[in-house]
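Colleague: Got a sequence here, can you model it:
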Amino acid sequence: AVLFDLGEGICHQVLPEHGYIRPGGLIVGGDSHSTTYGALNALGVGVGSSDLAAAALTGQLWFRVPESIRVLLSGRLQSWVGGKDIVLYLISRLGVDGARYQTLEFAGETLAQLSMDDRFTICNMAIEAGAKNGIIPPDNVTMEYLYQVNPDWVNRHPGFALDPGKKAVYSREMKLDVSKLEPYVAAPDLPSNGHPVSELKEVKLDQVVIGSCTNGRLSDLKTAASVIKGRKVSSGTRLIVIPATQDVFRQAMAAGYLDTFVESGAVVTTPTCGPCLGGHTGVLAEGEVGLSTTNRNFVGRMGHPKSRLYLSSPAVAAASAVTGRITHPSEVV
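Modeller: Residues are numbered from 1 along each chain as shown. Presented below is the predicted three-dimensional model:
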């Protein structure tokens, strides 16, 4: 057993970056966003505390095999569109219970355009459509990531993959052409209340948060820093940046991203879930409006039940922090 204590960061990023998630694995966690691990072709599911205790004590757990929804992604992504926009668009189509206790299996030509971090984001938010898990068949992107974090496993399992096969049976198939998709934003009070960013550009913001197990990885901070570099956070708007793990924090510091955020007027804090679940450092007050790269915007999720929370990608979040309203990154860069 390995103990990760204070300061390490959010488990859904800590476990993959330390090489503990591998294709074909079954990972149960005490948090619903354990679905994140499907990006590495593993079955990641969230369970309750009693089931988690049973799994820890016995090494066994009962599951009903979920039916599968095949999500076929096609088309070339436009600038500033990535995994967060795709999954928010998908959830807007499915609703918060449209995939209840089913697997969301992602496939299609667009996957080749998505980085490992984009894939983590997509599988992370599969639960927001009610899915039991999200999963992506492994390819070169998967294996390159695994080789970086766990080369010994890759060398022992060359070419390993869990492929659904031609005989796989699906409860339904969804085809999403993302070629015309613009950055997407979920409005209060559900992740399924998605809209193109252009429809929400008049929404003024008191706070912007960049971080969480959904979008607190190094590439997320790099994108946000590229948008905000040389600019200032809008007067009257707070920008809070939270790297997902200590490793991400150190890499972002070495790359100069944290300096960029601080120079813009942002607050950079230690790796944590923080305000995502109403914890600390960024809890919204009554009547305040926030935009966050987190995964849920339920009533009271980030503070007062009379606050309002929108969800977006890091690029949209950074641009919005500069203008003080929900903004397409191309307006800033």
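
Colleague: separation between Asp259 and Val268?
Modeller: Here the criterion is CB to CB, to the nearest Å. By it, Asp259 lies 9 Å from Val268. C-beta: built from backbone N, CA, C; applies to glycine.

Colleague: the more surrounded of those two?
Modeller: Taking other CB atoms under 10 Å, Asp259 and Val268 do not tie; Val268 has more neighbours (21 against 14).

Colleague: Report the contact partners of the residue nearest to the spatial centre of the chain.
Modeller: Of all residues in the chain, the one closest to the mean position by CA atoms, centre = their mean is Thr214, 2.3 Å from it. Shown in contact with Thr214 (CB atoms under 8 Å, 6 or more residues apart in numbering): 33, 84, 121, 124-125, 293-295.

Colleague: so who does Gly108 touch?
Modeller: 71-74.

Colleague: and these, which of them are in strands?
Modeller: For the contacts of Gly108, membership in strands holds for 71-74, with DSSP state E as the criterion.

Colleague: between these, which has the most around it?
Modeller: Val71 (27 neighbours).

Colleague: Report the contact partners of that one.
Modeller: Contact analysis of Val71 by CB under 8 Å, 6+ apart lists 90, 104-108, 173-174, 176.

Colleague: any chance of those residues in a markdown table, plus secondary structure and pLDDT?
Modeller: Putting those into a markdown table (DSSP: H, G, I helix; E, B strand; the rest coil; pLDDT from 0 to 100) gives the following:
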| residue | secondary structure | pLDDT |
| --- | --- | --- |
| Leu90 | helix | 98 |
| Leu104 | strand | 98 |
| Glu105 | strand | 97 |
| Phe106 | strand | 97 |
| Ala107 | strand | 95 |
| Gly108 | coil | 95 |
| Glu173 | strand | 96 |
| Met174 | strand | 96 |
| Leu176 | strand | 96 |
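
Colleague: Kindly supply the PyMOL command isolating those of the residues you listed that are buried.
Modeller: Only the buried entries of the contacts of Val71 go into this PyMOL selection, using 16 or more other CB atoms under 10 Å:
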select buried, resi 90+104+105+106+107+108+174+176
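
Colleague: Neighbours of the residue lying closest to Arg217 once chain neighbours are set aside, how many?
Modeller: Counting by CB to CB, 6 or more residues apart in numbering, Asp117 is the residue found nearest to Arg217 once chain neighbours are left out, at 4.7 Å. For Asp117, the count of nearby residues is 23 (other CB under 10 Å).

Colleague: Tell me if I'm right that Asp117 and Gly216 touch.
Modeller: No - with contact defined as CB atoms under 8 Å, Asp117 does not count as touching Gly216 (9.9 Å).
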